[in-house]
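In: Sharing a model that was predicted from the sequence below.
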Amino acid sequence: MSTATYAVTREAGESPPTGNRRALAFVSNLDFPLLAVAVLLGLIGLFSLQGAVSGVPRLEAAIPRHAVFLVVAIGAMLVTMWVDYRWLNRAAVMLYVANLALLVVVLFAGTRVNDATRWLQAGPVSFQPSETMKIATVLVCAQWLAPRPEVLGEWKGVFVPGVLCGLPALLVLVQPDLGTASLFFVMFLGMMLMAGVPKRRLAAIVTGILLGFACCYPFLKPYQQARLHTFLNPEADPMGAGYNIIQSQVAIGSGGWFGRGWGEGTQGTHRFLPEHHTDFIFASYVEQFGFVGGVVLLGLFLFVILRMLRAMDLARDRFGGIVVAGLLAVFSFHVLFNVGMTMGVLPVTGLPLPFLSYGGSFLVSTFALIGIVLNVASRRYTFVGP
């Protein structure tokens, strides 16, 4: 039965579909193109990652681990896709408090890697709570905003979501992780825009956030300050703060039109390009598959973003629409800043590239994010609230 038929049924005063009819409606309304592209990007990520670490034994050993992460991530997507997102509405506060507590635990009992404490270790498995915190924050902000459209014209309508986003941002900044901390403010803006905050108030919020970041500058780590200084002129410190950007640009340029071929990228395999399997995976990908491969990859990312916009438009309740808006902001910010920093047009933030960068926590959270978007879009035939 079509979406239109269900809409008519609801308007006629009949009950929404239940049981097998509800499951059938869910499947018939599922965004299969988005689902297929998400899985395709996951496979592209595994394939390109294997080529990027070819010839580096220490990293080659991580490929089977990433393949397991991919299977778990697709499973997470199926779960978040199938469970009615109204349950996520009810569980939002619990998920937020639990993840906030984990961020506090990280500061005192986390594993320190590269001068940053971002992971919790449980035997052979490490977990980065800031990844699931993104989704939990979107859910709790949407839960608060959805039933209160009347407060958006007041500062209260901005203050509460601002605090909800600011608390995890502060804890993540202490780790330190400036890129992820910045992301919480971007998701805040995305949800405010979708919720209907007046444009003047939104402009005042943006100005306040920018001033806040400016005030935080003196408290940044020296390497973070150096990144901001050198992104426009990396040649000023070619063997120091500008090294990563220069090598990333060399990798992208050496790919030419069609790339050097799978596993043939010299910048990564010869270790000229640091973090070529995580932060700078896009540069490694373009070196292997060239300008054409890069355009195809960016086209797939654009397709995902457009389908997320479609899901936001199709959402039948304010909670679903605001959730998708927040998740869209998270996904887009990751893509924009990762690609931008590898090309040298944005400062290095350490934000990974969705589906491609190595890292289990990020991969699982990315697929879970897509699952929630699919959930909202596929349940558009059921009116679930204000």
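Out: That came in fine, so what should we check first? Numbering: from 1, shown residues only.
In: Going by neighbour count, which residues in the helix or strand that contains R90 are buried?
Out: Here R90, judged by DSSP states H and E, is contained in helix 85-109. By neighbour count on 16 or more other CB atoms under 10 Å, the buried set for helix 85-109 is 85-86, 88-89, 91-92, 95-96, 99-100, 102-103, 106. Just so you know, the C-beta spots here come from the backbone N, C-alpha and C atoms, and that holds for glycine as well.
In: now do stretch 149-167
Out: 151-152, 157-158, 160-162, 164-167.
In: before we move on, back to that, spatially, which two of the buried residues of helix 85-109 are the most separated?
Out: Greatest spatial distance among the buried residues of helix 85-109 (CB to CB): R86 and V106, at 30.5 Å.
In: Now for the residue nearest to M133 when sequence neighbours are not counted: which residues touch it?
Out: Once flanking residues are discounted, M133 sits nearest to N99: 4.4 Å by CB to CB, 6 or more residues apart in numbering. Neighbouring residues of N99 by CB atoms under 8 Å, 6 or more residues apart in numbering: 129, 132-133, 136-137, 168.
In: Most neighbours among those residues, which one?
Out: Each of the contacts of N99 was scored for neighbours by other CB atoms under 10 Å, and T137 scores highest at 29 neighbours.
In: what kind of secondary structure is it in?
Out: helix (DSSP: H, G, I helix; E, B strand; the rest coil).
In: just use 210 as the starting number from now, easier for me
Out: Sure, I'll start numbering at 210, so the last one becomes T346.
In: Three-state assignment for L329, please.
Out: strand.
In: hmm, I was thinking of T487
Out: Classified using three-state DSSP, T487 is coil.
In: Correct me if wrong: it contacts G568.
Out: Yes: using CB atoms under 8 Å, T487 is in contact with G568, at 6.4 Å.
In: Quickly list what's touching both of the two.
Out: In contact with both T487 and G568: P561, using CB under 8 Å, 6+ apart.
In: so what's F528 closest to, chain neighbours aside?
Out: A355 (3.9 Å).
In: how about that neighbour, phi and psi?
Out: phi -60, psi -50 (degrees, to the nearest 10).
In: which residues of this protein score low on pLDDT?
Out: 210-229, 231-232, 264-266, 323-325, 332, 425-426, 428-451, 474-481, 485, 590-595 (pLDDT under 70).
In: So which residues of it form strands?
Out: For the chain, applying DSSP state E gives strands covering 320-322, 325-331, 334-336.
In: For the ones you listed, give me JSON lines that also has mean neighbour count.
Out: What follows is the strands of the chain, written out as JSON lines (neighbours: other CB atoms under 10 Å):
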{"stretch": "strand 320-322", "mean neighbour count": "11"}
{"stretch": "strand 325-331", "mean neighbour count": "16"}
{"stretch": "strand 334-336", "mean neighbour count": "15"}
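In: Out of those strands, which is closest to L249?
Out: strand 334-336 (26.4 Å).
In: counting contacts, what elements does that closest one pack onto?
Out: strand 325-331, helix 569-587 (3 or more CB pairs under 8 Å, 6 or more residues apart in numbering; DSSP states H and E).
In: let's see it at 7 Å
Out: strand 325-331 (3 or more CB pairs under 7 Å, 6 or more residues apart in numbering; DSSP states H and E).
In: And the strand it packs on, how far out from the chain middle?
Out: Centroid separation between strand 325-331 and its chain, computed with CA atoms, centre = their mean, to the nearest Å, is 19 Å.
In: Over to stretch 295-312?
Out: 18 Å.
In: what's the closest of the buried residues of stretch 358-376 to Q458?
Out: Distances from Q458 to the buried residues of stretch 358-376, taken by CB to CB, are shortest for C374, at 33.3 Å.
In: nearest spatial neighbour of the closest one, skipping sequence neighbours?
Out: F397 (4.2 Å).
In: What of P563?
Out: T575 (4.8 Å).
In: for G549, same thing?
Out: Using CB to CB, 6+ apart and skipping the chain neighbours, the partner closest in space to G549 is L555 (3.3 Å).
In: Against V548, how distant is the one you found?
Out: Going from L555 to V548 by CB to CB, to the nearest Å gives 8 Å.
In: same question, W364
Out: 36 Å.
In: Enumerate every residue touching the residue lying closest to F336 once chain neighbours are set aside.
Out: Closest residue to F336 apart from its sequence neighbours, by CB to CB, 6+ apart: L329 at 4.9 Å. When contacts are counted by CB atoms under 7 Å, 6 or more residues apart in numbering, L329 touches 311, 314-315, 319, 335-336, 338.
In: Would you format these as TSV with distance to V248 included?
Out: TSV is the format used below for the contacts of L329 (distance: CB to CB, whole Å):
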residue	distance to V248
L311	28
V314	33
V315	31
G319	32
S335	25
F336	23
P338	26
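In: Run the chain-centre distance for stretch 489-499.
Out: 20 Å.
In: What residues sit buried inside that stretch?
Out: Buried residues in stretch 489-499 (16+ other CB under 10 Å): 489-499.
In: could you dump the residues you listed to a markdown table with distance to R519?
Out: Compiled in a markdown table, the buried residues of stretch 489-499 are given as follows (distance: CB to CB, whole Å):
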| residue | distance to R519 |
| --- | --- |
| F489 | 31 |
| I490 | 27 |
| F491 | 25 |
| A492 | 31 |
| S493 | 31 |
| Y494 | 27 |
| V495 | 28 |
| E496 | 33 |
| Q497 | 31 |
| F498 | 28 |
| G499 | 30 |
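In: Looking at those residues, which two lie furthest apart in space?
Out: Top of the distance list for these (CB to CB): F489 and G499, 16.5 Å.
In: So which other helices or strands are in contact with the top helix by length along the chain?
Out: The longest helix of the chain (DSSP state H) is helix 490-523. Packing partners of helix 490-523 (3+ CB pairs under 7 Å, 6+ apart): helix 241-261, helix 452-463, helix 475-478, helix 527-552, helix 569-587.
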